[in-house]
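# Coordinates for the following, if possible.
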Amino acid sequence: MTCQEVPYQTRHVRFVDQLSFVAAQSAVPTSRHFLRFALSKWQATLIQDDVLLIASELVTNAITVTGVVAAKPAWDELERLGLVHVRLVGLPDSVVVEVWDVSDEPPRLQRVGDDSEGGRGLVLVQELATRWGSYRTTGGKAVWAQLAARPPLPQRPQSGERQGSHPDTPPGPDAALLRRVRAGLDAAW
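Alright, predicted model coming up:
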């Protein structure tokens, strides 16, 4: 299933949490920690296992097509690292996990044999999600999966709550975070 539009209307959004990660293997466990925290904050821990599994698959796919998959990447690979953006959107009765990357190749379900070691990620997403798809963004694509929330998410406070950015616009890079990552990488070498 693919879709060429955002899978929700902005007026129905109750909560939004998003974070950008360097497109490297460390983004997978780090994104799980981020999503676990967001779901806890939203009181939506009953769907946590499914959300974390789906996000792991989508982030892994994003890294595979746009990032560095080597456990010990070469320096020139690190200099070319892009970002993977993960957004969790809380709707009245569901959550949407979105993962952006810089590839414009749409995701494809693969037919794999019983003894294949990989290629089942989107099949898992399809089984766990209520619906899923992808859409093009400026500079790449977003792959999303929607899951029913059990029970429905609480109401968002009306005063002082920051609204999420437009859903078709990936979050901008956090310059301070990127400097800290670069400093850490420099120190490691």
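# mind checking how far the nearest residue to G67 once chain neighbours are set aside is from H12?
Spatial nearest neighbour of G67, chain neighbours left out: A23 (2.8 Å); criterion: Cβ to Cβ, 6 or more residues apart in numbering. Placement of C-beta: from N, CA and C, glycine included. A23 is 30 Å from H12, where distance means Cβ to Cβ, to the nearest Å.
# okay, the two: which has more neighbours?
A23 (24 against 12; other Cβ atoms under 10 Å).
# Make sure the more buried one is actually in contact with D101.
Yes - A23 is in contact with D101 according to Cβ atoms under 8 Å; the separation is 7.0 Å.
# list the residues that contact both of the two?
62-63, 66-67, 82, 84 (Cβ atoms under 8 Å, 6 or more residues apart in numbering).
# and which of the residues you listed is nearest to V123?
Of all those, V123 sits closest to A62, with 17.0 Å by Cβ to Cβ.
# for that closest one, helix, strand, or coil?
helix (DSSP: H, G, I helix; E, B strand; the rest coil).
# What sits closest to it if chain neighbours are left out?
Once flanking residues are discounted, A62 sits nearest to D101: 3.8 Å by Cβ to Cβ, 6+ apart.
# what residues are up against the one you found?
Listed by Cβ under 8 Å, 6+ apart, the contact set of D101 reads 23, 62-63, 65-67, 82, 84-85, 140-141.
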